[in-house]
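> Following is a predicted model, sequence given first.
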Amino acid sequence: MSYEFLQYDSISIFHPTGVIRAKIELPGSKSESNRLLILKALHNRELDIMGLSESDDTVLLQKILDNDLKEGVVDCQLAGTSYRFLLAYFASMPGCDVLLTGAPRMLERPIGPLVAALRNLGADITYLGKDGYPPVRIQGKDLTEHYVEIDGSTSSQFISALMLIGTKMKSGLHIRITGRQVSVPYIYLTASTLQRLGFHVSIQLPDITILPASIKMSKVRVEPDWSAASYWYLVALLSKEAEIFLPGLRIPSMQGDSALRGYFDMLGVETVYLGSGIRLFRNSMREINSEALFLNFIDTPDIAQTIAVALAASGIKGYLTGLNTLRIKETNRIEALVNELSKFSVQCEFGNDCIRLSGGFTFAENTLINTYGDHRMAMAFAPLGIFGKIFIEHPGVVSKSYPNFWSDLIHAGFLIQET
Ligand SMILES: O=C(O)C1=C[C@@H](OP(=O)(O)O)[C@@H](O)[C@H](O)C1
Ligand SMILES: C=C(OP(=O)(O)O)C(=O)O
């Protein structure tokens with residue numbers, strides 16, 4: 001694996017022909033990997049997880065769990081899912097005394113509903129900074145209650161965290177979700193991961209029941225990451241001609257971001273499922289006969305940036321809604337998107353949970369894309385290099401989920417240089 005260009009202040013990127021034929025080995029799903037690592041630590045340290053994500057977030061989580069630390073400071077850096085899962089994990093580990101912290105941005109990402117739910121289950125958690133936010137001190141305990149209510153309107157990671165530790169609780173766990181649940185497919189991903197390993201889970205939202213059990217399997221394979229696939233759909237869309245093979249992706253998939261297939265089909269990228277993976281084709285005959293597209297991302301927040309760039313660069317007007325959680329991710333993704341799209345004259349208006357794109361895209365050669373410490377800003381804008389040279393600030397941000405991204409673009413014929 002050669003993780004190129006991660007250390008530079010900025011890079012330039014462009015594609016000399018716009019014709020792409022490539023086979024790209026995507027990283028394993030970060031979401032699946034993180035769930036499996038927690039389950040492995042809770043139940044069976046011998047579990048063999050194949051195809052684990054090589055993302056910074058997963059590598060860090062694995063290191064923390066492998067250390068089997070009982071005391072001291074645990075720094076999750078920028079890894080939101082890992083932070084939320086570890087919060088529940090340590091809270092349910094009798095005898096541990098841990099200070100769980102992260103990078104400055106992590107200290108701005110809320111955890112209040114998860115802490116409240118864990119406390120109701122008997123956990124001992126103290127806020128060390130602002131109430132409702134990291135860092136916290138966790139003194140692990142046997143959690144003896146078996147019913148909990150939690151507000152699901154901030155993050156699904158809170159629900160998944162409870163589901164994961166519920167497998168280890170003596171009488172299991174019944175979770176009742178209050179509020180409007182966001183990112184629902186991630187809850188189903190947790191459930192299906194548990195079921196694959198032999199746990200009993202029943203979901204009838206807003207209720208989830210987990211029964212205690214042990215892992216029945218010794219090996220499990222992680223599917224490649226559909227959120228990472230989104231950048232290759234965008235490359236295909238913007239290309240003159242494309243045929244891209246992404247081995248290992250399945251249809252149907254338990255990863256909610258696989259819904260991106262439908263969006264891109266509408267825009268002119270066809271997906272063919274081959275059993276061994278998927279092949280993407282640019283269908284230049286496809287015409288969108290819609291004045292404007294109305295798309296809701298409440299279930300699939302991680303592909304909103306890719307689709308926003310896809311619509312803008314195709315000159316399609318769009319109303320993107322359900323963006324509630326984008327403000328509390330690696331950066332305020334709504335503002336970041338609007339700032340960067342404006343550099344290409346795209347007319348954007350935005351609110352708390354929506355962006356309206358009113359067209360007007362003009363490619364501007366040599367534009368510098370600011371990335372706001374957010375891997376998905378870098379990856380969603382990089383494919384614009386097909387139209388001409390652009391610059392990407394802090395290319396190293398991609399390692400949060402896809403460290404090989406730049407090397408893979410080079411493999412697909414992009415020319416990338418340090419600047
Ligand atoms: O459970 C998971 O693996 C994730 C859930 C989503 O977060 P929210 O539920 O906070 O939207 C998603 O954005 C994140 O990248 C991964
Ligand atoms: C939001 C993300 O991750 P996390 O919440 O795990 O930091 C992401 O990968 O886009």
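Thanks, I have it. Numbers count the residues shown, from 1 in each chain. Ligands and ions are numbered 1, 2, ... in the order given.

> Contact residues of the protein facing ligand 1?
Residues of the chain that fall close to ligand 1, judged by C-beta under 6 Å from any ligand atom: 31, 34, 81, 155-157, 160, 182-183, 186, 301-302, 325. Using the backbone N, CA and C atoms, a C-beta is placed for each residue, glycine as well.

> 5 Å - rerun?
Proximity of the chain to ligand 1 (C-beta under 5 Å from any ligand atom) is limited to residues S31, T81, S155, S156, Q157, S160, S183, Y186, P301, D302, T325.

> per-residue confidence for the last one?
Right, the one you point to is T325. pLDDT recorded at T325 is 98.

> now it: how far from ligand 2?
8 Å (C-beta to the nearest ligand atom, to the nearest Å).

> That residue: how many residues sit nearby?
As a burial measure, T325 scores 21 neighbours (other C-beta atoms under 10 Å).

> try the fourth one
Burial of S156 is recorded as 26 neighbouring residues (other C-beta under 10 Å).

> if we can go back for a sec, top of the residues of the chain next to ligand 1 by neighbour count?
Top of the residues of the chain next to ligand 1 by neighbour count (other C-beta under 10 Å): S31, with 30 neighbours.

> quick one: low-confidence parts of this protein?
Low-confidence segments of the chain, defined by pLDDT under 70: 1-2, 289.

> how's it carved up into domains?
10-28+223-418, 30-221 (automatic domain parsing).

> could those domains be laid out in CSV, adding distance to E4?
Output for the domains of the chain, formatted as CSV (distance: least, C-beta to C-beta, whole Å):
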stretch, distance to E4
domain 10-28+223-418, 5
domain 30-221, 14
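
> Please narrow the residues of the chain next to ligand 1 to those residing in helices.
Taking DSSP state H, the ones among the residues of the chain next to ligand 1 that sit in helices are S31, T81, Q157, S160, Y186.

> Name the nearest residue to the first one, sequence neighbours excluded.
The one in question is S31. Distance criterion C-beta to C-beta, 6 or more residues apart in numbering; nearest residue to S31, sequence neighbours excluded, is L189 at 5.9 Å.

> I'd assumed Q255 was in contact with that neighbour.
Yes - between L189 and Q255 there is a contact under C-beta atoms under 8 Å: 6.2 Å.

> List the buried residues of the helix or strand containing I416.
Taking DSSP states H and E as the definition, one finds I416 inside strand 415-418. Buried residues in strand 415-418, counted by 16 or more other C-beta atoms under 10 Å: I416.

> For it, give me every contacting residue.
Residues from elsewhere that reach strand 415-418 (C-beta atoms under 8 Å, 6 or more residues apart in numbering): 4-5, 8, 10-16, 406, 409-410.

> cool, stretch 189-207 as well?
Contacts of stretch 189-207 with the rest of the structure, by C-beta under 8 Å, 6+ apart, involve 31-32, 35-36, 39, 43, 152, 159-160, 163-164, 167, 174-178, 181, 184, 187-188, 208-211, 213-217, 220, 254-256.

> Which ones, among the ones in helices among the residues of the chain next to ligand 1, also lie beside ligand 2?
T81.

> before we move on, back to that, more neighbours: which of L189 and Q255?
Set L189 next to Q255 and count neighbours by other C-beta under 10 Å: Q255 wins out with 27 against 22.

> okay but that one is in contact with P224, surely?
No - applying C-beta under 8 Å as the test, Q255 and P224 come out as separate, 9.2 Å apart.

> Mind listing the shared neighbours of those two?
Residues touching both Q255 and P224 (C-beta under 8 Å, 6+ apart) are S29.

> Quick one: residues contacting the residue most central in space within the chain.
Nearest to the mean C-alpha position of the chain, by C-alpha atoms, centre = their mean, lies D302 at 5.3 Å. The neighbourhood of D302, defined by C-beta under 8 Å, 6+ apart, consists of S227, S230, D257, R376.

> again, but for F294
Going by C-beta under 8 Å, 6+ apart, F294 touches G318, Y319, T321.

> what pairs with it across the strands?
For F294, the beta-bridge partners under DSSP bridges are Y319.

> ok, it to ligand 2 distance?
Counting by C-beta to the nearest ligand atom, the gap from F294 to ligand 2 is 23 Å.

> so how far is D57 from that residue?
32 Å (C-beta to C-beta, to the nearest Å).

> ditto for R356
For R356, the distance to D57 - C-beta to C-beta - is 32 Å.

> Between those two, which is the more surrounded one?
D57 (24 against 15).

> So which bits of the stretch 201-350 of the chain are right by ligand 2?
So the stretch 201-350 of the chain meets ligand 2 at D302, K329 (C-beta under 5 Å from any ligand atom).

> show me what contacts I38?
Neighbour list for I38: L61, L65, F85, L86, Y89, L164 [criterion: C-beta under 8 Å, 6+ apart].

> Could you report the separation of it from ligand 2?
The spacing between I38 and ligand 2, counted by C-beta to the nearest ligand atom, is 13 Å.

> go on, E4?
Remark: distance between E4 and ligand 2 (C-beta to the nearest ligand atom) = 21 Å.

> Is it correct that that residue is in contact with D408?
No - with contact taken as C-beta under 8 Å, E4 and D408 are classed as non-touching, separated by 9.8 Å.

> what residues are up against the residue of the stretch 201-350 of the chain found nearest ligand 1?
When scored by C-beta to the nearest ligand atom, the stretch 201-350 of the chain has T325 as its residue closest to ligand 1, at 4.3 Å. The contact partners of T325, taken as C-beta under 8 Å, 6+ apart, are T154, S155, V182, S183, P301.

> How about the fourth one, nearest residue that isn't a chain neighbour?
Right, S183. S156 (3.7 Å).

> quick revisit: show the buried residues in the contacts of strand 415-418.
When the contacts of strand 415-418 are checked for burial by 16+ other C-beta under 10 Å, the buried set is E4, F5, Y8, S10, I11, S12, I13, F14, H15, W406, L409.

> Any chance you could give me the helix or strand encompassing L114 in PDB, C-alpha atoms only?
In the assignment (DSSP H and E), L114 maps to helix 112-120. In PDB, the C-alpha atoms belonging to helix 112-120 read as follows (Å, rounded to 0.1, in the frame of the first residue of the first chain):
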ATOM      1  CA  GLY A 112     -25.200  14.300  25.400                       C
ATOM      2  CA  PRO A 113     -28.000  11.800  24.500                       C
ATOM      3  CA  LEU A 114     -25.600   8.800  24.600                       C
ATOM      4  CA  VAL A 115     -24.200   9.900  28.000                       C
ATOM      5  CA  ALA A 116     -27.700  10.400  29.400                       C
ATOM      6  CA  ALA A 117     -28.800   6.900  28.200                       C
ATOM      7  CA  LEU A 118     -25.700   5.200  29.600                       C
ATOM      8  CA  ARG A 119     -26.200   7.000  32.900                       C
ATOM      9  CA  ASN A 120     -29.800   5.700  33.000                       C
END
